[in-house]
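Colleague: Pasted the sequence and its predicted model underneath.
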Amino acid sequence: MLNRRDAMVRLGQVGLAGLTLPRLLQGQYASAATSKSNGTADACIYLFLWGGPPQQDMWDMKPDAPQGIRSLFQAIRSVTPGLDICDQMPLFARHTDKVAVIRSLTHPSNVHEASVYHVLTGKQNPQLVVPRNARKRSDFPNFGSVISYFQEPGLLPASVTLPRPIGHDGVTYSGTHAGFLGPRYDPLELKPANKSAEHASHSTDLPAELSETRLLARQGLLKQLETQDHLLQSDKGGRDLDEFRSQALRMISSPAARRAFDLEKEPPRIRDRYGRNEYGESFLLARRLVEAGVKVVSVIWMYIMPDGKVANVWDNHGGTAGLGGVTGYVMLKEKYCLPPLDRAFSALLEDLSDRGMLERTLVCAVGEFGRTPKINATQGRDHWGACGSAILAGGGIRGGQVYGSSDRIGAYPKDNPVSPEDLLATIHHAMGLSPDQEIPDREGKPNRLCDGRAIRELFG
């Protein structure tokens, strides 16, 4: 015979490929009291090139730099006069009229973990333990969770991470969830970080044995049980549990919400255009989700190697054993770097524009840092926080422009340096939030959203 606690647990775990309903989605119950100002974005697609993309080999070419620093790729003209792109990205070069290239992104760290946290949260955390920097509830929330905090709940979560959060060897990185805001504002994660013990694998399909009618009947019984339970135990955790379950039930009982995750609804030519691989399908799913009402979709770029381990392949030192020990430049030309990025990124910009969604959707592409000017012994580049690049498009951003510049070898900003805080402030500004707005930590202490300055010159 089941006792009350066992019944609560079992009824709360109604399939969804092992998904526990209280952990599925996060309700967003605070309201934003700001104007859009120059930003016009209702949603953001955030493309995180984990590992640190080499700006000198992509969108800040230095063709006049000395040998050993100058890229082995050639610079080609784009549709924007004066904005050259590497010859490995010819499709993207056709859409530079839609983007702003920031060439002066800078911060002081050359360490992956610290830099990921800084770029995703706008905060520096000297307490991070490298490499075992597992995320925890004392972390500052990432920007997707901040956006979630200022949204009303709906059929779909406010923030989704595709295809999985940053992490490896059982550790999910700090900076990838809602931190001190609590699990209510965590992004929906369809898969866990590689080899992680965290239960983050979620499905949007009802299990075969559970019809929607049975699900709603169970909801009624569950509500009765919880009403009694909350008379005995009323706390914030219990309220969060109700909010998770409420949105979870709305979503999985809604055909429209589940349909948003179904790529089979897309015409084959569209799927071909994005690329039938994990990257292309993640970019396409991101478009479908913002079209359905999700506010922030983060696409984390990584590669599962043949040995089953994860590789942050933009970390193109070269010589990675699991990738066959190839050089850094060979890595960039492989199926996990520039070719799928060129296809998927150009398809996303074109698709959003054709659908009339680009003005209302901010797109950001960035990594945790840039790469060294000097090409190393394995024909790659090493970690370099002092200078990197970021790409912004849509959401009121004026396309066909370059903001900031690096010196002649791409080592340091030459003018208009941009910090991670400034980049996040610009994203918040595009979505109608002010860096001066506040969020409470676990003790109720107010915290500014961001200490940066929005780059207003990018808009209009």
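Modeller: Cool, the structure landed. On a predicted model such as this, the values are computed, not experimentally measured, just so you know.

Colleague: what's stretch 284-294 in contact with?
Modeller: Where contact means C-beta atoms under 8 Å, 6 or more residues apart in numbering, the residues beyond stretch 284-294 that reach it are 42-45, 154-160, 162, 256-257, 259-261, 263, 265-266, 270-271, 274, 297, 299, 344, 347-348, 351-352, 355, 357, 361. C-beta coordinates here come from the backbone N, C-alpha and C atoms, glycine included.

Colleague: And the residue nearest the centre of the protein?
Modeller: When C-alpha atoms, centre = their mean is applied to the chain, the residue found nearest the centroid is S298 (2.2 Å).

Colleague: Is that one in contact with G144, as I believe?
Modeller: Yes - with contact defined as C-beta atoms under 8 Å, S298 reaches G144; the gap is 5.7 Å.

Colleague: what do the two both touch?
Modeller: 46, 159, 161, 187.

Colleague: Just give me the closest of those to G328.
Modeller: Y46 (25.2 Å; C-beta to C-beta).

Colleague: Pull up the per-residue confidence for that closest one.
Modeller: Looking at Y46, its pLDDT stands at 98.

Colleague: That one - that's part of a strand, no?
Modeller: Yes - counting by DSSP: H, G, I helix; E, B strand; the rest coil, Y46 is part of a strand.

Colleague: What's opposite it in the beta bridge?
Modeller: S298, C364 (DSSP bridges).

Colleague: Number of residues surrounding it?
Modeller: Residues near Y46, counting by other C-beta atoms under 10 Å, number 22.

Colleague: where's it relative to H317, distance?
Modeller: Distance from Y46 to H317, counting by C-beta to C-beta, to the nearest Å: 25 Å.

Colleague: before we move on, what about E278?
Modeller: Shown here: E278 relative to H317, a distance of 23 Å by C-beta to C-beta.

Colleague: can you check A100 too?
Modeller: 29 Å.

Colleague: Can you list the strands that the strand or helix carrying T161 pairs with?
Modeller: According to DSSP states H and E, T161 maps onto strand 159-162. As defined by DSSP bridges, the strand partners of strand 159-162 come to strand 188-189 (parallel), strand 296-301 (parallel).

Colleague: which residues make contact with it from outside it?
Modeller: 26, 144-145, 147-148, 176, 185-190, 282, 285-286, 289, 294-300.

Colleague: wait, what's in contact with A114?
Modeller: By C-beta under 8 Å, 6+ apart, A114 lies in contact with 124-125, 128, 130.

Colleague: most surrounded residue in those residues?
Modeller: Going by other C-beta under 10 Å, L128 tops the contacts of A114 with 21 neighbours.

Colleague: Now do the same contact list for P54.
Modeller: Neighbour list for P54: 314, 316, 328, 332, 370-371, 381 [criterion: C-beta under 8 Å, 6+ apart].

Colleague: With R135 instead?
Modeller: 172-177, 179.

Colleague: neighbours of N277, just the number please.
Modeller: For N277, the neighbour count with other C-beta under 10 Å is 14.

Colleague: Spatially nearest residue to it, not counting backbone neighbours?
Modeller: Once flanking residues are discounted, N277 sits nearest to P340: 5.7 Å by C-beta to C-beta, 6 or more residues apart in numbering.

Colleague: The one you found and L47, how far apart?
Modeller: 12 Å.

Colleague: can you redo the contacts of P54 as JSON lines with neighbour count, distance to T426 and pLDDT?
Modeller: As requested, the contacts of P54 are exported to JSON lines (neighbours: other C-beta atoms under 10 Å; distance: C-beta to C-beta, whole Å; pLDDT from 0 to 100):
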{"residue": "W314", "neighbour count": "26", "distance to T426": "22", "pLDDT": "98"}
{"residue": "N316", "neighbour count": "30", "distance to T426": "27", "pLDDT": "97"}
{"residue": "G328", "neighbour count": "24", "distance to T426": "30", "pLDDT": "98"}
{"residue": "L332", "neighbour count": "29", "distance to T426": "27", "pLDDT": "98"}
{"residue": "G370", "neighbour count": "31", "distance to T426": "18", "pLDDT": "98"}
{"residue": "R371", "neighbour count": "29", "distance to T426": "23", "pLDDT": "98"}
{"residue": "R381", "neighbour count": "29", "distance to T426": "26", "pLDDT": "98"}
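
Colleague: In terms of secondary structure, what does the helix or strand harbouring G144 contact?
Modeller: Assessed by DSSP H and E, G144 sits inside helix 143-149. Here helix 143-149 touches strand 43-49, strand 159-162, strand 296-301, helix 420-430, going by 3 or more C-beta pairs under 8 Å, 6 or more residues apart in numbering; DSSP states H and E.

Colleague: which stretches of the stretch 51-200 of the chain form helices?
Modeller: Taking DSSP state H, counting those that start in this stretch as the test, the helices found in the stretch 51-200 of the chain are 112-121, 143-149.

Colleague: Most tightly packed of these?
Modeller: Compared across the helices of the stretch 51-200 of the chain, helix 143-149 shows the largest average neighbour count, a mean of 28 (mean count of other C-beta atoms under 10 Å).
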